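**Student:** output the structure for:
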Amino acid sequence: MNSIPNDPATRLRHEVAACTRIFNEEKILDYSGHVSARLPEGDRFVVQSVHASRAELSPADLYIMTVDGEIVDGPSDTRPVSEYHIHSEIYRARPDVNAVLHAHPEVPILFTIAKGAKLVMVKNHGYRWRKGVPVHRDTAHVNTPELGRLLAETLDGCNAALIRAHGIVLVAEDVPSLLIDGMHFDENARAVLEASRLGPPDPMTDEEIDIFEQRFSRPQHAIKLWHYYTRRGFTSGLLPTDWQGTV
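**Tutor:** Okay, the predicted model is just below:
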């Protein structure tokens, strides 16, 4: 196994690349969408270049940027994704957030285009979104600071937002936790859709969520799923084996 420097920027670049490849494999991401991670300095983050394939994203495809849009480091022959303002403005508004996903998964988006449909929390890991999942009504790309600020205002203090007829935004405390949130958010949306074939979905009550939270360790669960998906990635060849020292 090759030795990889484990400084924060290197580690986060590898984590973002690994998370992106896994989300692509699990169909949370496709040819579009992006993962970012905040660096310890607080006003800088890692995000991918615009043309890099999500299926083969590497640390070399990632930029380090400031929340003001300045490029600190990254490829010289391309540019960051045009919607980096989603990430920069959420980081600016939410000091508790250290990782952001913007994606376009098919099922969650249905809840923004079907009249009367409501994305409620029916699975236990839906506790993460007990504050609600607001819908941002602007369907277009978020490619300016102002549009990024408006989306951050829609998200407010919640941990997820839907973008009407467009996609989703999830936020978390670190990249492994963002990975589990991406999986569980999609699972919950699919469960609501399937349950509606049998009858009206019955969302978890506040009491049920409280009981689940009391017995649940989010950090341990993040470690468990990160280990599962990354080790499966190394075995299948999705992730290069020389990343094992960092992810």
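**Student:** if you average pLDDT over the longest helix seen in the chain, what comes out?
**Tutor:** Using DSSP state H, we find that the single longest helix of the chain is helix 175-195. Mean pLDDT, helix 175-195: 98.
**Student:** can you give me the buried ones in that helix?
**Tutor:** Within helix 175-195, the residues that count as buried by 16 or more other CB atoms under 10 Å are 175-186, 188-193. C-beta: built from backbone N, CA, C; applies to glycine.
**Student:** which stretches of this structure form strands?
**Tutor:** Secondary structure of the chain (DSSP state E): strands at 34-38, 44-48, 62-66, 71-73, 99-103, 135-136, 160-163, 167-172.
**Student:** for the longest one, list the C-alpha coordinates in PDB.
**Tutor:** Extracted as PDB, the C-alpha positions of strand 167-172 are listed here (Å, rounded to 0.1, in the frame of the first residue of the first chain):
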ATOM      1  CA  GLY A 167     -32.400  18.400  -7.200                       C
ATOM      2  CA  ILE A 168     -31.500  18.200  -3.600                       C
ATOM      3  CA  VAL A 169     -29.000  19.700  -1.100                       C
ATOM      4  CA  LEU A 170     -27.800  17.900   2.000                       C
ATOM      5  CA  VAL A 171     -25.500  19.200   4.600                       C
ATOM      6  CA  ALA A 172     -23.500  17.300   7.300                       C
END
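**Student:** does anything pack onto it? Which helices or strands?
**Tutor:** Strand 167-172 sits against helix 84-93, strand 99-103, helix 106-110, helix 145-155, strand 160-163, helix 175-195, with contacts defined as 3 or more CB pairs under 8 Å, 6 or more residues apart in numbering; DSSP states H and E.
**Student:** can you lay out these as TSV showing distance to His125?
**Tutor:** Formatted as TSV, the helices and strands packed on strand 167-172 follow (distance: least, CB to CB, whole Å):
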stretch	distance to His125
helix 84-93	22
strand 99-103	15
helix 106-110	14
helix 145-155	19
strand 160-163	12
helix 175-195	4
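**Student:** which one of these lies nearest to Glu56?
**Tutor:** Ranking the helices and strands packed on strand 167-172 by proximity to Glu56 (CB to CB) places strand 99-103 first, at 17.2 Å.
**Student:** now do that closest one against strand 44-48, angle only.
**Tutor:** Calculated by axes from the mean of the first three to the mean of the last three CA atoms, to 10 degrees, strand 99-103 forms an angle of 30 degrees with strand 44-48.
**Student:** ok so, going back, among the helices and strands packed on strand 167-172, which comes closest to Glu207?
**Tutor:** With CB to CB as the yardstick, what comes closest out of the helices and strands packed on strand 167-172 is helix 175-195 (18.5 Å).
**Student:** give me the low-pLDDT residue ranges for the chain?
**Tutor:** Filtered on pLDDT under 70, the chain yields the residue ranges 1-6.
**Student:** which residue lies nearest the spatial centre of it?
**Tutor:** By CA atoms, centre = their mean, the mean C-alpha position of the chain lies nearest to Leu101, the distance being 2.4 Å.
**Student:** who does that one bridge with?
**Tutor:** Beta-bridge pairing of Leu101 under DSSP bridges involves Val35, Leu170.
**Student:** so Arg21 touches Gly233, yeah?
**Tutor:** Yes. Taking CB atoms under 8 Å as the contact criterion, Arg21 and Gly233 are neighbours in contact, 6.7 Å apart.
**Student:** does the residue nearest to the centre of the chain touch Ala37 like I think?
**Tutor:** No. If you go by CB under 8 Å, Leu101 and Ala37 don't touch, sitting 10.4 Å apart.
**Student:** rewinding a little: which residues does the residue nearest to the centre of the chain contact?
**Tutor:** By CB atoms under 8 Å, 6 or more residues apart in numbering, the contact list for Leu101 reads 23, 28, 33-35, 168-172, 178, 181-182.
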